[in-house]
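coordinates only, sequence not included:
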Ligand code: UD1
């Protein structure tokens, strides 16, 4: 069975690494031949190479080096460059991950060829906010895919509502597998940032979503709240995504420490040590949940609604007072329940790919 995984952005490397690891250990029949296609959406060392290296991933068979651009231009260029690869590879499955422009482009390129099976990993997530590029990407990918690999029961219900129940399989979340598999290596992490943030009394913050970075009033409201947390509650570490750095210009924060983007192992270990996490990332919300660290979500909604139970995660938008209030009230968060599968989501993904091979086209 030949699988071509299409990836391009930071969170997709983590998910694909779990699939690569499961395939390397796999002894089922038919045997699996797996290749990676990297669109080049993320190209910086700290957003791309470090993940391949740290997660021991094979080098991509293809790197399309598409780079950054406006949504239409970037996605269009990806579609144009993915199409000939699919035509020459003709895999049994095109495997898509998550909700980035690389996911969208892979879905469209594969569906338009009309003869390829498409599977979507992390299917069924919905924020119900169509102004998010990710929501558009995931809706299109789900509707064009033949097999929908769902991390949660909520995702299964969302797909049922859209008439896609027949194509959906509950596998659990490969990001949970990743944390289980990498936590030892993360604990052993001895980089300068991991050494500098040993004490548990700090907050870890990440902000990179377009809805926050591209709206100055939201971005500065969040930064103001982070400064206030750092001044009155505990130190704050803010690793900066390049998009956020661009919008913040030469801002010199008071009390907040900014850094380059962190590697996967650095993030895992700091998420575990932190007293609280503030983020607009879907992946970091879940990693906070796995680490049992209270999370404050800097968005107006979340796809990961299960994390909201028992106050483990609270959605506060970009309102400084609400952010501060949430940061002062994390003591009652929990208990945390096992919601994201049995730690072998990747095994269930491979089983589903094998058993659904008879699916059209
Ligand atoms: C993308 C995903 C988002 C995901 C995020 C993880 C889409 C629509 N969004 O957002 O869902 O959570 O990845 O990080 O696909 N840049 C660099 N170096 C790089 C890549 C990007 O400097 O290696 C800068 C460029 O200025 C670029 C900006 O970051 O314009 C944004 O990059 P882009 O690929 O558009 O998406 P992300 O914001 O990273």
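Nice, thanks for sending it over. Predicted, not measured: the structure shown is a model, and the values here were computed from it.

give me every residue that touches residue 124.
142, 148, 150-152, 154-159, 164, 168 (CB atoms under 8 Å, 6 or more residues apart in numbering). In short, each C-beta sits where N, CA and C put it, glycine included.

ah, wrong one, I meant residue 204
236, 237, 270, 271, 274, 276, 277, 278.

give me the buried entries from the residues you listed.
Listed as buried from the contacts of residue 204 are 236, 237, 270, 271, 274, 276, 277, 278; burial here means 16 or more other CB atoms under 10 Å.

now these as TSV including distance to the ligand and secondary structure?
Output for the buried ones among the contacts of residue 204, formatted as TSV (distance: CB to the nearest ligand atom, whole Å; DSSP: H, G, I helix; E, B strand; the rest coil):
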residue	distance to the ligand	secondary structure
236	20	strand
237	17	strand
270	17	helix
271	16	helix
274	19	coil
276	21	strand
277	15	strand
278	16	strand
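
what about the residue nearest to residue 233 when sequence neighbours are not counted, helix or strand, and which?
Using CB to CB, 6 or more residues apart in numbering and skipping the chain neighbours, the partner closest in space to residue 233 is residue 327 (5.7 Å). Element membership for residue 327 (DSSP states H and E) is helix 320-328.

how about that helix: buried residues?
320, 322, 323, 324, 326, 327.

how near is the fifth one to the ligand?
Between residue 326 and the ligand the distance, using CB to the nearest ligand atom, to the nearest Å, works out to 22 Å.

the first one too?
Distance of residue 320 to the ligand, computed by CB to the nearest ligand atom: 23 Å.

can you count the residues close to the residue in the stretch 201-350 of the chain that the ligand sits nearest to?
Nearest to the ligand, among the residues of the stretch 201-350 of the chain, is residue 242, at 3.2 Å (CB to the nearest ligand atom). Using other CB atoms under 10 Å, residue 242 is surrounded by 14 other residues.

make residue 1 into 616 and carry on from there
Okay, residue one is now 616; in that scheme the one you just asked about reads as residue 857.

surely it meets residue 662?
Yes: assessed by CB atoms under 8 Å, residue 857 is found in contact with residue 662 at 7.3 Å.

mutual contacts of these two, please.
What both residue 857 and residue 662 touch, as defined by CB under 8 Å, 6+ apart, is the set residue 876.

what pLDDT is listed against residue 976?
Predicted confidence (pLDDT) at residue 976: the value is 56.

which parts of the stretch 716-865 of the chain are helices?
Per DSSP state H, counting those that start in this stretch, the stretch 716-865 of the chain carries helices over the ranges 716-728, 748-759, 768-776, 789-802, 807-811, 825-828, 831-847, 857-863.

in a markdown table, list the ones you listed along with mean pLDDT and distance to residue 623.
Putting the helices of the stretch 716-865 of the chain into a markdown table (pLDDT from 0 to 100; distance: least, CB to CB, whole Å) gives the following:
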| stretch | mean pLDDT | distance to residue 623 |
| --- | --- | --- |
| helix 716-728 | 98 | 3 |
| helix 748-759 | 98 | 11 |
| helix 768-776 | 98 | 22 |
| helix 789-802 | 96 | 17 |
| helix 807-811 | 94 | 25 |
| helix 825-828 | 96 | 16 |
| helix 831-847 | 97 | 25 |
| helix 857-863 | 96 | 15 |
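
return the most buried member of these.
Of all these, helix 716-728 has the most neighbours on average by mean count of other CB atoms under 10 Å, namely a mean of 24.

what's next to stretch 626-641, contact-wise?
Outside of stretch 626-641, the residues within contact range by CB under 8 Å, 6+ apart are 618, 620, 622, 647, 649, 651, 663, 666-667, 670-673, 710, 712-713, 715, 717-718, 736-737, 789-790, 792-793, 796, 879, 896-898, 960-962, 964-965.

7 Å instead, please
Identification of contacts with stretch 626-641 by CB atoms under 7 Å, 6 or more residues apart in numbering yields 620, 622, 647, 649, 651, 663, 666-667, 670, 672-673, 712-713, 715, 717, 736-737, 789-790, 792-793, 796, 879, 898, 961-962, 964-965.

in ChimeraX, select just the buried ones from these.
Here is the ChimeraX selection string for the buried members of those, based on 16+ other CB under 10 Å:
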select :620,622,647,649,651,663,666,667,670,672,712,713,715,717,736,737,789,790,792,793,796,879,898,961,962,964,965
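
near the ligand too, which of the contacts of stretch 626-641?
Residues of the contacts of stretch 626-641 in contact with the ligand (CB under 6 Å from any ligand atom): residue 715.

what's the closest non-adjacent residue to residue 918?
Nearest non-adjacent residue to residue 918, counting by CB to CB, 6+ apart: residue 740, 4.2 Å away.

could you report the separation of that neighbour from residue 888?
As for residue 740, its distance to residue 888 is 28 Å (criterion: CB to CB, to the nearest Å).
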